[in-house]
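S.K.: Pasting a predicted model and its sequence here:
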Amino acid sequence: MSSLLAWVSVIGAGILELWAAIPLGFTLKLHPVTTGVLSALGSILSAIIVIFFGTSLRNWLVQRFQSKTGGRGSRMTRIWDKYGIPGLGFLSPLITGAPLGAAIGISFGAEPRKLFIWMTIGIIFWSALLTAAAAFGLNVVNFG
């Protein structure tokens, strides 16, 4: 597989789900740093689309996942009530994925720029941590 196609595949997977992009990058034998950066880039791109351009997509995501994320007792509602935009933006890439987390944040009334900043911080943090954990795990398996 060409490098460009591998890169586009990891970015595309990152747009859909960070958890899928990182293993895909390792499966395609990309360097861990490249995998982490491309995964984060895809996830950040999905957050940009949902936060700034995706009113109908945002509405569809909220309706589609309402039963999993909606209601006053949901995990995301508790995070929102306790930690606000920083907590939701930082944790949603890990818990719900960037697109749904962005849609939830906007539906809760988050200011788009603040939500984007905190989601970017969360995406970069979780991409780095998950990529490092995967690389470490593969090293343990290969040398253990």
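M.R.: Yes, it's here. Keep in mind that this is a model prediction, so the values were computed, not measured.
S.K.: starting at the chain centroid, how far to stretch 93-107?
M.R.: From the chain centre to the centre of stretch 93-107 is a distance of 8 Å (Cα atoms, centre = their mean, to the nearest Å).
S.K.: same check, this time on stretch 113-128
M.R.: 8 Å.
S.K.: And for stretch 12-27?
M.R.: Chain-centre distance of stretch 12-27: 10 Å, with Cα atoms, centre = their mean.
S.K.: So which bits of stretch 134-144 are buried?
M.R.: Buried residues in stretch 134-144, defined by neighbour count with 16 or more other Cβ atoms under 10 Å: A134, A135. C-beta: built from backbone N, CA, C; applies to glycine.
S.K.: just stretch 28-45 next, same as before
M.R.: Using 16+ other Cβ under 10 Å as the test for burial, stretch 28-45 gives 28, 30, 32, 34-45.
S.K.: So what touches that stretch?
M.R.: 1, 6-7, 9-16, 18, 21-22, 25-26, 93, 97-98, 119-120, 123-124, 127-128, 130-132, 134-135 (Cβ atoms under 8 Å, 6 or more residues apart in numbering).
S.K.: Just name the shakiest helix or strand of the protein by mean pLDDT.
M.R.: helix 66-69 (a mean of 54; mean pLDDT, DSSP states H and E).
S.K.: and whichever strand or helix holds G84, what does it pack onto?
M.R.: Assigned by DSSP states H and E, G84 belongs to helix 75-95. The contact analysis (3 or more Cβ pairs under 8 Å, 6 or more residues apart in numbering; DSSP states H and E) places helix 75-95 against helix 66-69, helix 98-107, helix 112-143.
S.K.: mean confidence score for the last one?
M.R.: Just to be clear, that refers to helix 112-143. Across helix 112-143, pLDDT averages out at 92.
S.K.: which residues of this protein score low on pLDDT?
M.R.: Scanning the chain with the threshold set as pLDDT under 70 gives 1, 57-58, 61-62, 64-73, 144.
S.K.: Which helix or strand contains the residue nearest to A128 when sequence neighbours are not counted?
M.R.: Distances taken as Cβ to Cβ, 6 or more residues apart in numbering put G36 closest to A128, at 5.7 Å, once the chain neighbours are dropped. With elements taken from DSSP H and E, the one containing G36 is helix 32-48.
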